[in-house]
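Sharing a sequence plus its predicted fold:
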Amino acid sequence: MDKSIYTYNYGQLLRLLVASRQRVGMTQVDVAKALNETQTFISKCERGERRLDVVELRMWCAALGIRFSSLMQEFEECSLPALRK
C-alpha cells in the first residue's frame, strides 16, 4: 500500500479542502489565524507537503465553519470509484 499522502484520494481531499476554503471566502491567512498557525503551514498542507491527520482535519473544518461530516460525505462521493480500483 502506498503512503496515503501520495495517493489520488489524498489529492482529492486536498482539492476539496481548498475548494471549501474558497467557497466560504477565506484566504490561507484567514485559516492560519483561525488555527493559530502560519500561512506557510496552511500552504504546505494544501499542497500535500505536510500531512493532516483526522483531528487536524476536523479542526480545519471548524475553522472554515463547515461540518466535518459534510466534508467526508463530499470526499466519499468524489473518491469512492478510485477506492475500488
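Here it is on my side, so go on. These numbers were taken from a predicted model, which means no experiment stands behind them.

Around the nearest residue to Arg50 once chain neighbours are set aside, how many other residues sit close by?
Of all residues not flanking Arg50 in the chain, Lys44 sits nearest, at 4.1 Å (CB to CB, 6 or more residues apart in numbering). Using the backbone N, CA and C atoms, a C-beta is placed for each residue, glycine as well. Residues contacting Lys44 under the criterion other CB atoms under 10 Å number 14.

Contacts for the helix or strand hosting Lys44 next, please.
Using DSSP states H and E, Lys44 maps to helix 39-47. The contact list for helix 39-47, computed with CB atoms under 8 Å, 6 or more residues apart in numbering, reads 14, 17-18, 21, 28-29, 31-32, 35, 50-52, 60.

Look up how far Ile66 lies from Glu74.
Separation of Glu74 from Ile66 (CB to CB, to the nearest Å): 9 Å.

now Gln73
11 Å.

before we move on, what about Arg15?
From Arg15 across to Ile66, the span is 15 Å (CB to CB).

Of these two, give the one with the bigger neighbour count.
Ile66 (17 against 13).
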